[in-house]
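A.B. asks: build me a model from this:
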Amino acid sequence: MKTWLLCSLLLFSALFLAPTRTQAYENPLKKANVGDWIEHKQTMTMAAGKTMEMTSKQTVLAKDEKEITMKMETTVMGRANSHEIKIPLDVPYNPATAGVARDAKAKMEVVGEGEESIKAGDKTYACHWVEMKGTTESRGKSTDMHTKVWYCKDVPVNGMVKMEMDSSSGMKMTNELTGAGTK
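C.D. replies: Predicted coordinates for the structure are as follows:
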């Protein structure tokens with residue numbers, strides 16, 4: 001359970017946003033409004049073949065010119081968890097380290113990008129995808145990752161529609177948008 005939570009939170013947070021080589025970097029959270037929310041379903045398969053699911057919801061609670069306050073709700077194996085995080089808006093947002101455990105290090109490199117339509121629920125989104133390779137290190141353990149993330153400017157909060165990840169530990173993860181809107 002601890003491994004699942006650590007990996008899920010590390011990877012989900014590390015991929016909250018992704019820079020691209022061809023587009024000028026801008027934090028999409030600057031465009032988020034109080035009440036905006038997104039929901040995702042995450043499926044993870046461990047090296048031993050065991051599959052686990054997690055749902056998450058991110059809601060914008062407050063925002064000013066300096067920071068945004070997000071409520072992060074997750075349900076893993078029937079257990080719900082909720083906490084708030086504050087993300088600065090007045091400094092560049094680093095997707096490789098956002099929300100990563102304090103003792104963890106993440107190095108991500110963009111290796112490809114393009115355009116693709118992705119269907120999530122009953123809606124199709126025109127997405128920009130970013131493919132990354134990298135390494136995370138936490139508590140003396142290093143893990144190589146290969147990740148592809150699809151973003152759409154029409155999706156509130158962080159714009160993430162889908163994410164696929166494979167790691168050297170044998171873990172595979174898919175994260176898919178299941179809902180989005182404004183209160």
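
A.B. asks: helix or strand next in line after the helix or strand containing I68, which one?
C.D. replies: Using DSSP states H and E, I68 sits in strand 67-76. Per DSSP H and E, the first helix or strand lying C-terminal to strand 67-76 is strand 79-88.

A.B. asks: the helix or strand just after that following strand pairs with which strands, and in what direction?
C.D. replies: Next helix or strand after strand 79-88 toward the C-terminus (DSSP H and E): strand 105-120. Sheet pairing of strand 105-120 (DSSP bridges) gives strand 123-138 (antiparallel).

A.B. asks: so where's the chain shaky on pLDDT?
C.D. replies: 1-26, 91-106 (pLDDT under 70).

A.B. asks: assign a three-state SS to the residue of it positioned farthest from its centre, would you?
C.D. replies: Here the chain reaches farthest from its C-alpha mean at A48, the gap being 24.2 Å by Cα atoms, centre = their mean. Recorded secondary structure, A48: coil (DSSP: H, G, I helix; E, B strand; the rest coil).

A.B. asks: got phi/psi on it?
C.D. replies: The phi and psi values for A48, taken as degrees, to the nearest 10, are phi -80, psi 0.

A.B. asks: the strand holding I68 pairs with which strands?
C.D. replies: strand 51-63 (antiparallel), strand 79-88 (antiparallel).

A.B. asks: only alpha carbons, please: show that strand as CSV.
C.D. replies: Provided in CSV are the C-alpha atoms of strand 67-76 (Å, rounded to 0.1, in the frame of the first residue of the first chain):
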residue,chain,number,x,y,z
GLU,A,67,-0.7,31.3,-5.5
ILE,A,68,-3.4,28.8,-6.1
THR,A,69,-4.9,26.5,-3.3
MET,A,70,-6.0,23.1,-4.5
LYS,A,71,-8.0,20.4,-2.7
MET,A,72,-6.6,17.0,-3.7
GLU,A,73,-9.0,14.1,-3.0
THR,A,74,-7.9,10.5,-3.7
THR,A,75,-9.5,7.1,-3.1
VAL,A,76,-7.3,4.0,-3.1
